[in-house]
Every structure is written in C-alpha cells, then in structure tokens.
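J.: Curious how this folds, go ahead:
(2 chains)
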Number of protein chains: 2
Amino acid sequence: MSDLDPLHPWLDALRWDADGLIPAIAQESGSGRVMMFAWMNREALTETVKSGNAVYWSRSRRRLWRKGEESGHFQKVRSLRTDCDGDVLLLEIVQEGGIACHTGRTSCFFHELHNDRWEAVDPVIKNPKEIYK
Amino acid sequence: MSDLDPLHPWLDALRWDADGLIPAIAQESGSGRVMMFAWMNREALTETVKSGNAVYWSRSRRRLWRKGEESGHFQKVRSLRTDCDGDVLLLEIVQEGGIACHTGRTSCFFHELHNDRWEAVDPVIKNPKEIYK
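T.: Numbers count the residues shown, from 1 in each chain, chains lettered A, B, ... in the order given. Alright, predicted model coming up:
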C-alpha cells in the first residue's frame, strides 16, 4: 500500500530529486494554514529533525537557510510527514511571531486569483523594514 | 511588497520552472487538510481554472492528469492562490469521495516520522481495488 520501504533508513527512503532536493510544505499547527513552500537537501532535513526547527535549502543563495535566522521568525516543528511516494515533506510547525512571509504577512500564499488577476488579499502584519533591520 | 506584477497577465505572472512546470498543493476546504502535492503546466492550470476541477501534469506519464478521471475522486477548486514570488500554487479544493490518495486514504501525506521510521498513521478508507476497477 505504501511505496516507502519501512525497513529502509528514513532519510534514504525519501525520493530526492536530481539536485538532491525534496519539496517541503510548512503548515501551521492548529490553524492548518499553509505558510510557505521551500526545499530541503539531506543536510537541511537532518538538521531540522535534530534541532526541531525548520531548516531549508535556499536554491537562490545555495546555502542552508535556517528559517528565522534573520527575522527571528523560527518555525518549531511539531511533526513531519511524507506522502505516498515519499517525494514531498509536510511539516506541522509553530510559527514564531505568527509571520512566515518576508513581506510581513502570516503566510506566503497571499495572492488569490480573482477573475484574471492575482490580488494580495491578506494584510501585512508587520513592516518588513521592522523585521529585517 | 509583492514580486508579482499585477499588470502582467495572470498566467505569465507565475514563475514556471525550466520544465515549464509549477508545484501545486491541494488543500481541503474546511478541514484545511493538505491532501496532495503535484505539478501543473500552463495547459493544466488553464484547464483547471476553466473547468473548476483540478488538472495536473503527470511527470511520470507525461500527460495531463485530470484528477479523478479513473477514480472518480475529482477535486472541485474553490479558490486558487500563489505565494509571494509566484512559483507555487495553493488550491482550496472539495474532495469528491473524501479520498485523494491512490492508496485509498484521505490524504497522500499519511507517513509520519516516529523516531527513525516512517509510519503509515492514517487508515485506508477504501480498498484501491474497489477504486480502480
């Protein structure tokens, strides 16, 4: 029923892409809000599990991205899931400061399609200039 | 505050990857449950918006994947969001049959990491043999 081999070491059981990455969805515990989407490599995932705080791989900066390292908006990981074929991660997180997005919004998913336009439908909670000093 | 150009046509405003794809997260309306993760190309997204039912791009089969075409487990799309930099989609869906996963479970994210093992923690709602006849 599952494509994951339960006898396989958990890190190797995942299906990493050609770049050694796996997509990760961060969902807020309680509210169920999808906060952000990012990527992890093996090092990021290992550190996430060890530290209990979300660590991603920044594809643009090509380095580990310890979420919150600049903003203080750390993500404490409550649980970690993967899907049927083990190629995506779902993190249940507690969002420090209630803000995941660099724009100062709760969630990065704040553009909604209305007819043929993407509209920013969520309020800015905190000015990014106050977040990234 | 947003990296999306609001004057840009909505389909072009998105950031498609080198393969012309964008990741899509399907979240159940009401429960907030993350049901599955898949990919869309422009054709899949256009048809999704026009038809109101989720259409993905199957990377393994290299063809449009009209979710539910075999299982009957269609996903009616209530709303469509993208994130701050427009490179991921979030679909709010109503899941026909209450089953998104080909294993007969509600959500594809049914493996949870317990210590150093992925454990299948959600029940099978319906035998896949009954779904895919």
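
J.: which helix of chain A spans the most residues?
T.: Among the elements of chain A assigned as helix by DSSP state H, the one spanning the most residues is helix A:42-51.

J.: neighbouring contacts of it?
T.: With contact meaning C-beta atoms under 8 Å, 6 or more residues apart in numbering or on different chains, helix A:42-51 is reached by A:11, A:14, A:16, A:20, A:22, A:40, A:54-57, A:64-66, A:77, A:80, A:89, A:91, B:113. The way it works is simple: take the backbone N, C-alpha and C, and place the C-beta from them, glycine included.

J.: For PyMOL, write the selection for the buried entries among those residues.
T.: Restricted to the buried members of these, where burial is judged by 16 or more other C-beta atoms under 10 Å in any protein chain shown, the PyMOL selection command reads as follows:
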select buried, (chain A and resi 14+16+22+40+54+55+56+57+65+66+77+80+89+91) or (chain B and resi 113)
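
J.: what mean pLDDT does the longest helix of chain A have?
T.: When pLDDT is averaged along helix A:42-51, the result is 97.

J.: still on that earlier bit, in strands only, show me the contacts of helix A:42-51.
T.: Of the positions in the contacts of helix A:42-51, A:22, A:40, A:55-57, A:64-66, A:77, A:80, A:89, A:91, B:113 sit in strands, assigned by DSSP state E.

J.: low pLDDT regions in chain A?
T.: Under the criterion of pLDDT under 70, the regions of chain A flagged as low confidence span A:1-3, A:5-7.

J.: Now for A:Gly86, how many residues are close by?
T.: 20 (other C-beta atoms under 10 Å in any protein chain shown).

J.: how near is it to A:Leu11?
T.: With the distance defined as C-beta to C-beta, to the nearest Å, A:Gly86 ends up 11 Å from A:Leu11.

J.: Kindly report the same for A:Ser71.
T.: Between A:Ser71 and A:Leu11 the computed distance is 28 Å (C-beta to C-beta).

J.: show me the contacts for the residue of chain A found nearest chain B.
T.: When scored by C-beta to the nearest C-beta, chain A has A:Gly32 as its residue closest to chain B, at 2.8 Å. With C-beta under 8 Å, 6+ apart as the criterion, the residues that contact A:Gly32 are B:Gln27, B:Ser31, B:Gly32, B:Arg33.

J.: let's see it at 10 Å
T.: A:Glu92, B:Gln27, B:Glu28, B:Gly30, B:Ser31, B:Gly32, B:Arg33, B:Val34 (C-beta atoms under 10 Å, 6 or more residues apart in numbering or on different chains).

J.: Would you mind confirming that the fourth one makes contact with B:Gly98?
T.: No: judged on C-beta atoms under 10 Å, B:Gly30 makes no contact with B:Gly98 at a distance of 11.3 Å.

J.: so what's A:Leu91 bridging to?
T.: Beta-bridge partners recorded for A:Leu91 (DSSP bridges): A:Ala26, A:Leu80.

J.: isn't it right up against A:Arg78?
T.: Yes: A contact is recorded between A:Leu91 and A:Arg78 when judged using C-beta under 10 Å, the distance being 8.2 Å.

J.: Find residues that contact each of the two.
T.: A:Gln27, A:Glu28, A:Ser29.

J.: so does the helix or strand hosting A:Glu130 get close to chain B?
T.: Per DSSP states H and E, A:Glu130 falls inside helix A:128-131. Yes: against chain B, helix A:128-131 shows contacts by C-beta under 10 Å from any C-beta of the partner chain at A:Pro128.

J.: how about that helix: buried residues?
T.: If you call a residue buried by 16+ other C-beta under 10 Å, then helix A:128-131 has these buried ones: A:Ile131.

J.: What helices and strands are in contact with the helix or strand hosting A:Ala38?
T.: Under the criterion of DSSP H and E, A:Ala38 resides in strand A:34-40. Under the contact definition 3 or more C-beta pairs under 10 Å, 6 or more residues apart in numbering or on different chains; DSSP states H and E, strand A:34-40 sits against strand A:22-28, helix A:42-51, strand A:55-58, strand A:63-66, strand A:89-95, strand B:22-28, strand B:89-95.
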